[in-house]
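S.K.: could you look at this predicted model? Sequence included:
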Amino acid sequence: MVFAQDYLYAIAPPQCLIVGSSLAARLESSLLTPKHLYNLAFGGGSALTGLKLIQEHTKHTGVIPHTIYIEENIALIRDIDTAMLERLFHPIGYRLRRYIPALQERYAPLNLVLSVVKKHFGRSEAEKLAQKRDERMYRIILERSIQSYQKELVGYEPKLALLHELLEYFENLGTQIVFFQMPIDSELAGLKQPLQQREILQTHFPRYTFLPSPAHSDYTTNDGIHLIKESSVRFTQEFLQNSLCP
C-alpha cells in the first residue's frame, strides 16, 4: 500500500514502471530509482494488479506511462487483487489522501514506528549481501515447486483476456510494453508451466517486446523462486542494461 500510494500521489509520477509479483519486488530499488524506474511489483500480488492500478491512475490524472515492464513469471497464474484496488481508489479516501498526506499509509503511526525500528535495528546492506540460504529449507521448498511447475497451466483464459484488455488500453495511449522474466532456480526454469506460459504470452502478444530469458543458473534463490540479495543486485544491473526508458 505504501509503494502504491507513493506512486499515486507523487508530484511528478515516474514514467517507467515495473509490475509483477514478489519475484520482481526483489529488484534493487536503489539501482532502479536513478534510472527513473518505479517498482509496482507487490509481494503476494500480480502483474494484473499493477496494470489495473496504473490504468486507474491514468484515468484519474491523465498521466500516461512511457514504458511498462511486465514480469511474466506468474502473469497468468495469480488473479487481480480487487480488494487492494478498491481500498486505494475508494472515492472518498482517494481524494482525501491527495490533499491530506497524513492520511496516507506511509504516515500511519505503526508504519512510522516500524520504519524507525528497521532503520536502527535492521540488517545492514553488507549483511544482506552476505546472506546465505538455508540449504535444507531451500531443498524442501524447491521439491514442492518442482511438483507444481511440472503441471500444465489451466484456467488462465480469464486472466489472459484481462491482460489483453489492459495492454490494448496502454498501447492505444502510446505506452511501450515490455515483458521480462525474473531468474528462478534452473531446476524449475525448464519445466512445463514456465515454458508453457512464455509460449502463450509470445503467441498472444507478438507485437510487444520480450527481453531475453536470463541465465537462471547464474543466480541464487532462497527457495527456488525468490533471489537472494546479492543475486537481486546483479540481476537488476542486467535488467537495466536492457532498459528502454529515456
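M.R.: Arrived safely.

S.K.: residue ranges with poor pLDDT in the protein?
M.R.: 109-124, 126-127, 130, 246 (pLDDT under 70).

S.K.: just the strands in the chain please.
M.R.: 16-20, 37-41, 67-71, 176-180, 209-210 (DSSP state E).

S.K.: sheet-wise, list the partners of the fourth one with their directions.
M.R.: Going back to what we said before, that points to strand 176-180. Applying DSSP bridges, strand 176-180 is found paired with strand 67-71 (parallel), strand 209-210 (parallel).

S.K.: how close does the residue nearest to Tyr107 when sequence neighbours are not counted sit to Ala108?
M.R.: For Tyr107, ignoring the flanking residues on the chain, the nearest one in space by C-beta to C-beta, 6 or more residues apart in numbering is Pro101 at 6.6 Å. For the C-beta atoms, the positions are set from N, CA and C on the backbone; glycine is no exception. For Pro101, the distance to Ala108 equals 12 Å [C-beta to C-beta, to the nearest Å].

S.K.: between the two, point out the one with more neighbours.
M.R.: Ala108 (14 against 11; other C-beta atoms under 10 Å).

S.K.: ok, now how distant is the more buried one from Met1?
M.R.: 9 Å.

S.K.: any chance of the strands of the chain in CSV, with distance to Glu28 too?
M.R.: Supplementary listing: the strands of the chain in CSV, determined by distance: least, C-beta to C-beta, whole Å:
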stretch, distance to Glu28
strand 16-20, 12
strand 37-41, 9
strand 67-71, 14
strand 176-180, 15
strand 209-210, 22
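
S.K.: mind checking which of those strands is nearest Ser232?
M.R.: Minimum separation from Ser232 across the strands of the chain (C-beta to C-beta) falls at strand 37-41, 11.5 Å.

S.K.: surely Leu88 meets Tyr7?
M.R.: No - using C-beta atoms under 8 Å, Leu88 is not in contact with Tyr7; the gap is 10.0 Å.

S.K.: need the overlap of contacts for the two.
M.R.: Residues touching both Leu88 and Tyr7 (C-beta atoms under 8 Å, 6 or more residues apart in numbering): Leu53.

S.K.: more neighbours: which of the two?
M.R.: Using other C-beta under 10 Å as the criterion, Leu88 and Tyr7 rank with Leu88 on top: 22 against 19.

S.K.: quick check: the more buried one vs Ile74, distance?
M.R.: From Leu88 to Ile74 the distance is 21 Å (C-beta to C-beta).

S.K.: contacting residues around Leu17?
M.R.: Taking C-beta under 8 Å, 6+ apart, we find Leu17 in contact with 7, 37-40, 50, 54, 65, 67-69.
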